[in-house]
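[1] Following is a predicted model, sequence given first.
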Amino acid sequence: MKALVAFILLVQLPIHKAVPAAPPAPLGCDDPESEAAAEVAVDYINSHSHHGYKFTLNTIDNIRVLPQGPNKEIIFLELDLLETTCHILSPTPLANCTVRSFTDHAVEGDCDVKLQKVNGQLSVLASKCHSHADSSEDILQLCPDCPLLITLNDTEVLATVTESLNVYNGKSTGAYLKLLEIGRAKMQYHPAHVVFVEFAVAATNCSAAEANVEACHLLPDDQSDFGFCTATKVIRPSQDLQVNCQLYGHQPGVTYSPPGQATSGLVPGVVQGFTNHNLRLSHNNPLASESFSSEFSASMLPAKSVARRAVAGVAQHDKVPRPVGFVPPPPCPGKIRHFKI
């Protein structure tokens, strides 16, 4: 009898079904976690670039987070970057580097970056980038007389760089400088014909005053002293040349990767007539893209945009209890920090 009563009471107990825990909300492109990952990615891109200029973040286009177990995630980022005026050899912190203005003929970088986050620590696994200059038509619509980027191997550019370096070395009381690479070149035709060039240099073991050019060699890595020059050459109506060079001083751990069979300080891929150093030369790992990731291919469905995933996530889990005041993350892409090309 006691057993029967106990059974009846047990049957009458309320049955509580386990409520599944709410899955983590997808990140929005302007969330602090997304911006932290983007900062690590941009630092990696700049520190692993071998030519050209430092880039800064303009927009986070997309973010995808793939849980990999306790305290571990894989993060895929799609970033829009903008070129700054700081060469990669410059010791100037990125935060102090000026973003090239639209009328300075801006260069945009598009990057896919794969990161991992383990116990809260972010690190980059792969990067893939491409950079390109804004169209000349866009610049001329806003500023008809602005100088425009021209190919780095243009004959007037090469002549201006050679003349500028010779003039500077001829007046210098310091080390004899050699050309590393031409970083940028612009031409203006109206109201005057002017060539603008920027180029990276390095000190040699010779003094400029006593240089035997054939015997001058770049300093070894543990003594290296890199620098940067800008020059403006007016060709018409009257000729004039202004040159300014700055040596940075030795920076431990900072090295320059020689471009191999280069012509006049140009990376081989640039000699073919390009107007800017392409980030692809330093960042071209297909695993950086979500669609090429082995982890993604093996364990996930085809990628969706963050905006679609956010909406789909809310729809799929609308029966799952959400915290009071829950708001889905904003869609991607995120905010534009400078200007859109």
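    Sure, I can see it. Residues are numbered from 1 along each chain as shown.
[2] Can you list the residue ranges for helices in the stretch 51-200 of the chain?
    136-142, 155-171 (DSSP state H, counting those that start in this stretch).
[3] so of those helices, which one's packed in deepest?
    For the helices of the stretch 51-200 of the chain, average neighbour numbers computed from mean count of other C-beta atoms under 10 Å are highest in helix 155-171, which has a mean of 17. For glycine as for every other residue, the C-beta is placed from the backbone atoms N, C-alpha and C.
[4] Mean pLDDT and distance to Ser101 for the helices of the stretch 51-200 of the chain - can I get that in a markdown table?
    Formatted as a markdown table, these follow (pLDDT from 0 to 100; distance: least, C-beta to C-beta, whole Å):
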| stretch | mean pLDDT | distance to Ser101 |
| --- | --- | --- |
| helix 136-142 | 93 | 10 |
| helix 155-171 | 95 | 21 |
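[5] Can you say which of the ones you listed is nearest to Cys111?
    helix 136-142 (21.5 Å; C-beta to C-beta).
[6] what does the closest one rub up against?
    102-103, 105, 146, 148-149, 341 (C-beta atoms under 8 Å, 6 or more residues apart in numbering).
[7] same question, stretch 82-97
    By C-beta under 8 Å, 6+ apart, stretch 82-97 touches 42-43, 46, 49-56, 58, 98-100, 106-109, 131, 180, 183, 198, 200, 226-228, 248-249, 251, 254, 256, 276, 338-339, 341.
[8] Domain parsing of the protein, as residue ranges.
    Structurally, the chain divides into domains by automatic domain parsing as follows: 22-135+284-316, 151-250+264-274.
[9] closest to Leu77 among the contacts of helix 136-142?
    Ile341 (18.8 Å).
[10] How about the contacts made by the closest one?
    82, 102, 106, 108, 134, 138.
[11] Just the pLDDT for it.
    For Ile341, the model assigns a pLDDT of 88.
[12] That one and Asp61: what is the separation?
    13 Å (C-beta to C-beta, to the nearest Å).
[13] Filter the contacts of Ile341 down to the buried ones, PyMOL style.
    In PyMOL, a selection of the buried entries from the contacts of Ile341 looks like this (16 or more other C-beta atoms under 10 Å):
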select buried, resi 82+102+106+108+134
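[14] Could you export the contacts of Ile341 as JSON lines, including distance to Gly120?
    JSON lines is the format used below for these (distance: C-beta to C-beta, whole Å):
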{"residue": "Leu82", "distance to Gly120": "29"}
{"residue": "Phe102", "distance to Gly120": "38"}
{"residue": "Ala106", "distance to Gly120": "35"}
{"residue": "Glu108", "distance to Gly120": "32"}
{"residue": "Asp134", "distance to Gly120": "38"}
{"residue": "Asp138", "distance to Gly120": "42"}
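[15] how about the contacts of Ile341, which pair is most distant?
    Leu82 and Asp138 (14.3 Å).
[16] end-to-end on stretch 87-100?
    12 Å (C-alpha to C-alpha, to the nearest Å).
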